[in-house]
Every structure is written in structure tokens, then in C-alpha cells.
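*Asks:* I'll drop the sequence and a predicted model, then ask my questions.
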Amino acid sequence: MRRAARLFWVLLLIVSCLALLSDLRAEPYARQRIAFVVGINTYDNLGIDHQLVHPFRDAKDVAKELSEQLGFEIVSVPQEPKQEGRASAADFKKAWNQFKDKVQKDDTVIVFLSGHGAQIETDFYFATSDVPYSQFSRTEKFKRETIKLSELMQDLAERRPRLVMFIIDACRTNPFIPVEYPHPTRGASVVVDGMIVIFSATAGEAALDRLPPPYGDRNSLFTTVLLTKIKELKSASMPVFREWCESLKKGVKDITDKIHYEQHPRVYFEDSSDTVLSDAISQTQNMIVAVSHGCSGGPNGVPPVNWGALQVHGNTAVNAFSAARTALATGQTPVAVQQINSGLSELDALVNGLHMTCSGGAHGEDPVNYGGLKEIKATVKAKLDVVKLILGG
């Protein structure tokens with residue numbers, strides 16, 4: 001009986017360890033994985049030479065890979081069998097709102113858009129099937145009648161997902177501007193913190209919708225390469241990292257070099273990482289000041305009893321985050337990740353060390369701003385965790 005009981009507990013321990021290991025392996029997708037996938041072929045107010053062939057099929061194939069390879073739940077614009085590849089602005093927005101409402105804190109989110117679009121100044125605008133005709137000089141009208149990328153980003157930022165990746169297979173030239181007129185070439189600079197944006201082409205370039213033989217005629221140039229790369233994310237330690245993006249870009253270049261076509265995918269996220277680190281430095285410095293007079297007493301408050309040690313933790317965190325910025329700027333990604341981890345550890349020591357450190361009560365009291373400081377620390381940590389995901393650390 002004792003042997004049987006002992007065997008039971010050993011087996012229970014093994015099962016528990018295996019479950020924990022499984023959870024750790026699944027940790028990059030801590031909650032749900034959800035993707036919004038749309039491909040638009042047909043445009044009511046564009047000529048036949050501006051209708052597209054592959055976006056709907058591209059979206060369908062990407063959705064299949066994300067679902068089968070990575071377990072993503074897919075949300076798309078419902079389309080009738082004879083209306084495949086068509087999505088009005090109203091249809092798009094209705095499906096988007098349903099998708100947005102599904103996204104929860106700490107989810108991993110992918111948005112794939114394929115069709116016509118345009119880069120205008122620092123933002124990207126995605127065209128739906130019913131985008132009205134506008135003369136090439138009517139830029140503001142085109143902006144009003146299309147889907148603004150930065151607004152989609154803000155919608156998702158409010159839901160506080162763990163990581164968001166936008167993959168956009170679209171031209172970045174206004175389809176209503178004749179080819180003989182110059183197109184804007186300014187790249188996207190609007191990237192919300194913690195989000196990655198991958199464009200199939202650089203600003204002012206047309207993304208190739210059809211590939212010549214022998215590359216097949218099922219998907220666009222960019223999506224042809226993308227479909228071979230999605231499954232690589234399954235074995236990655238993080239949902240996406242720099243090497244994967246570089247591999248995607250190289251795959252496109254390998255084909256364009258052979259077919260003599262100019263299309264250069266662009267990835268935007270590096271500026272976001274630096275912005276988050278800069279904000280972490282500022283927030284930590286503000287926390288140090290707040291801690292210095294966080295206890296009741298005197299006209300402006302007094303420091304906690306262990307103020308000296310807390311100040312050291314705060315200053316060390318600032319120095320670590322500053323070192324991480326420098327490492328990023330010089331291409332030393334592993335060092336940057338190490339410094340971020342060091343800074344977060346010091347930030348934990350700063351805030352956790354505040355507990356019951358003010359005079360008063362039988363065992364001391366918490367600073368009056370203790371709750372607010374914990375919230376700030378949590379926000380800083382959440383953003384830096386996303387930076388580490390992006391960096392692959």
C-alpha cells in the first residue's frame with residue numbers, strides 16, 4: 001500500500017512537471033492567439049488594370065497557416081461566394097470591431113491586410129472595395145475614405161495585448177495617382193509602442209501581385225515568401241524577432257534579384273524600442289523623486305526609513321536602461337536584453353522595498369503613493385517585456 005501511495009505521488013509530480021514545462025513552452029502565447037485577415041481584389045471605382053488577382057487567396061492561405069501551424073483564431077470579413085475578394089468600408093469596420101472586442105490583455109495578435117493602399121506622409125491608408133474615386137490632387141479625400149493604419153494600432157493598444165504584428169501586403173502608392181506622376185517616398189514613422197509593422201514594399205513602391213513562371217501563380221511575391229516563413233515561428237522562442245524579419249526580407253530579395261524587380265519589404269519597430277526605454281528612464285526618475293517624499297510628515301512629505309538603499313536601486317535601474325539604449329544603438333542586442341533585465345530587477349527592488357517603510361502603526365506603514373508606484377512599475381515592465389519579445393530575449 002505504501003509503495004502504491006509513493007508511486008502515486010511520484011507520478012503526480014511527474015505529470016505536474018510536464019504540465020509546467022508545457023506551460024513554459026507555450027508562454028510566448030500566454031493567452032489567446034488571434035488574427036484579423038483580409039484580402040481585397042475588387043475595387044468599384046478603379047479601372048480594370050488596377051483590379052488585383054491574389055489578395056483574397058493570399059489572405060485565405062495566410063489564415064490557414066496561422067490557424068494550422070500556430071493555433072491562431074481567425075477573424076475576417078464575411079464574404080458571399082460570388083463576392084470573394086470584395087469588402088466595403090462598412091464590412092471592414094464591422095468585422096474589425098468584432099475582432100477588436102475579442103482581443104484581451106496579454107494576447108498575441110496578428111493583422112494581415114492585402115490589397116491596395118497608399119503611404120501618405122507618416123501614415124498608411126488601406127483601401128476597401130468601395131473607396132470612391134478621387135483626383136490625384138485630392139489627397140485629403142483619399143485619407144478620409146480609407147482605413148488609417150495608426151487608428152487600427154490605437155484600437156489594439158487600448159486592449160493591451162502582449163504583442164501585435166501588422167503584416168501588410170499592399171502597394172504604398174496611391175492607386176488614383178497616374179504612374180507618370182511622382183509618388184510620396186516618405187516611410188512610416190508612426191509605430192505604436194510594442195507593435196511591429198511589416199510592409200511588403202517600401203514607401204513609393206508597388207508590391208508585385210503576380211509572379212512570373214516558374215514561381216507559380218497562386219500568391220503575390222511577398223505572400224509567397226511569407227507562407228514559407230510562418231511555420232518557422234512555431235519553433236521560435238518568441239513570437240517574432242529580428243532574425244525572422246531579416247529572413248523574410250532576404251527571401252523576397254532572392255526572388256526580385258532573379259526577376260529584376262524592385263520591391264523592398266520594410267520592418268518598423270526599432271524606434272519603438274528606443275522610445276519605450278526612454279520612457280522607462282523618465283518614469284524611473286520620476287519614481288525616485290516620488291519615493292523621496294512618499295511618507296507622511298513635514299510640509300512636503302518625508303523619505304522612507306530605507307531611503308538610501310532605495311535610491312541606489314532606482315539610480316541603478318536608470319543606468320541599466322540607459323545602457324540598454326546604448327547597446328541597441330550599437331547593434332548589441334544580447335547586451336540590451338541583459339541590461340533591460342537588470343534594470344527591471346532593480347525597479348522591482350525599489351518598489352518592493354517600499355512596503356511598510358514609513359513610520360507609524362505597530363509595524364510601519366506603506367508610503368501614501370505606494371499603490372500608484374506599483375502601477376507605474378507594472379506599466380514599465382509590461383512595455384519592456386514587449387521590447388524583449390521583439391529583440392528575441
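*Replies:* Cool, the structure landed.
*Asks:* Strands along the stretch 101-250 of the chain, start to end?
*Replies:* Under the criterion DSSP state E, counting those that start in this stretch, the stretch 101-250 of the chain contains strands at 108-115, 117-120, 123-126, 147-148, 163-170, 195-199.
*Asks:* what about the fifth one, distance to the chain center?
*Replies:* Put plainly, it is strand 163-170. Centroid separation for strand 163-170 versus its chain: 8 Å, with C-alpha atoms, centre = their mean, to the nearest Å.
*Asks:* Let's test this: mean pLDDT of that strand, rounded?
*Replies:* Mean pLDDT, strand 163-170: 90.
*Asks:* what helices or strands is that strand leaning on?
*Replies:* helix 55-70, strand 108-115, strand 123-126, helix 149-157, strand 195-199, helix 221-229, helix 370-391 (3 or more C-beta pairs under 8 Å, 6 or more residues apart in numbering; DSSP states H and E). C-beta here means a position set from N, CA and C on the backbone, and glycine is covered the same way.
*Asks:* Which elements pack onto the longest one?
*Replies:* Meaning helix 370-391. Against helix 370-391 (3+ C-beta pairs under 8 Å, 6+ apart) you get strand 163-170, helix 270-292, helix 333-352.
*Asks:* how far off strand 195-199 does it point, in degrees?
*Replies:* With axes from the mean of the first three to the mean of the last three C-alpha atoms, to 10 degrees as the basis, helix 370-391 and strand 195-199 are set at 30 degrees to each other.
*Asks:* swap in the first one?
*Replies:* In terms of direction (the same axes, to 10 degrees), helix 55-70 departs from strand 195-199 by 140 degrees.
*Asks:* Mind listing what's buried along helix 55-70?
*Replies:* Neighbour-count burial for helix 55-70, counted by 16 or more other C-beta atoms under 10 Å, picks out 55-63, 65-66, 70.
*Asks:* following that helix, which helix or strand shows up next?
*Replies:* Tracing the chain C-terminally past helix 55-70 and defining elements by DSSP states H and E, one meets strand 73-75 next.
*Asks:* So what touches that next one?
*Replies:* The set of residues external to strand 73-75 that reach it, using C-beta atoms under 8 Å, 6 or more residues apart in numbering, is 32-37, 63, 66-67, 95, 98-99, 102.
*Asks:* check contacts around residue 95.
*Replies:* For residue 95, the contacting residues are 36, 38, 75-78, 87, by C-beta under 8 Å, 6+ apart.
*Asks:* change it to 7 Å
*Replies:* For residue 95, the contact set (C-beta atoms under 7 Å, 6 or more residues apart in numbering) comprises 75-77.
*Asks:* Looking at these, state which has the most neighbours.
*Replies:* residue 77 (23 neighbours; other C-beta atoms under 10 Å).
*Asks:* Give me whichever of the helices and strands packed on helix 370-391 is most buried.
*Replies:* Highest mean neighbour count of the helices and strands packed on helix 370-391: strand 163-170, a mean of 24 (counted as mean count of other C-beta atoms under 10 Å).
*Asks:* partners of it in the sheet?
*Replies:* According to DSSP bridges, strand 163-170 has the following sheet partners: strand 108-115 (parallel), strand 195-199 (parallel).
*Asks:* before we move on, back to that, just put the helices and strands packed on strand 163-170 in TSV and tack on mean pLDDT and distance to residue 332.
*Replies:* Formatted as TSV, the entries for these read as follows, by pLDDT from 0 to 100; distance: least, C-beta to C-beta, whole Å:
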stretch	mean pLDDT	distance to residue 332
helix 55-70	95	30
strand 108-115	94	27
strand 123-126	87	31
helix 149-157	88	28
strand 195-199	86	20
helix 221-229	94	26
helix 370-391	82	11
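*Asks:* Compare the ones you listed and report which one is nearest to residue 207.
*Replies:* Taking C-beta to C-beta, helix 221-229 is the member of the helices and strands packed on strand 163-170 nearest to residue 207, at 6.0 Å.
*Asks:* list the helices and strands that closest one packs on?
*Replies:* The helices and strands touching helix 221-229, judged by 3 or more C-beta pairs under 7 Å, 6 or more residues apart in numbering; DSSP states H and E, are helix 55-70, strand 163-170, helix 242-259.
*Asks:* rewinding a little: which among the strands of the stretch 101-250 of the chain is found nearest to residue 352?
*Replies:* Distance to residue 352, taken as C-beta to C-beta, is lowest for strand 163-170 among the strands of the stretch 101-250 of the chain, at 26.5 Å.
*Asks:* residue ranges with poor pLDDT in the chain?
*Replies:* Along the chain, the parts satisfying pLDDT under 70 run over 1-30, 135-138, 174-194, 234-241, 269-272, 386, 389-393.
*Asks:* What are the structural domain limits within it?
*Replies:* Annotated domains of the chain cover 28-268, 272-391 [automatic domain parsing].
*Asks:* if we can go back for a sec, need the helices and strands packed on strand 163-170 in CSV with distance to residue 319, can you?
*Replies:* Compiled in CSV, these are given as follows (distance: least, C-beta to C-beta, whole Å):
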stretch, distance to residue 319
helix 55-70, 38
strand 108-115, 32
strand 123-126, 36
helix 149-157, 29
strand 195-199, 28
helix 221-229, 38
helix 370-391, 15
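*Asks:* Comparing these, which comes out most buried?
*Replies:* Looking across the helices and strands packed on strand 163-170 with neighbours counted as mean count of other C-beta under 10 Å, the highest average goes to strand 108-115: a mean of 26.
*Asks:* hang on, the earlier thing: I'd like the helices and strands packed on helix 221-229 as JSON lines, with distance to residue 126 appended.
*Replies:* Output for these, formatted as JSON lines (distance: least, C-beta to C-beta, whole Å):
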{"stretch": "helix 55-70", "distance to residue 126": "11"}
{"stretch": "strand 163-170", "distance to residue 126": "7"}
{"stretch": "helix 242-259", "distance to residue 126": "20"}
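*Asks:* Compare the ones you listed and give me the one nearest residue 365.
*Replies:* When the helices and strands packed on helix 221-229 are compared for distance to residue 365 using C-beta to C-beta, the nearest one is strand 163-170, at 38.7 Å.
*Asks:* just the angle between the closest one and helix 221-229, please?
*Replies:* Relative orientation of strand 163-170 and helix 221-229, computed by the same axes, to 10 degrees: 140 degrees.
*Asks:* Sweet, I'm off.
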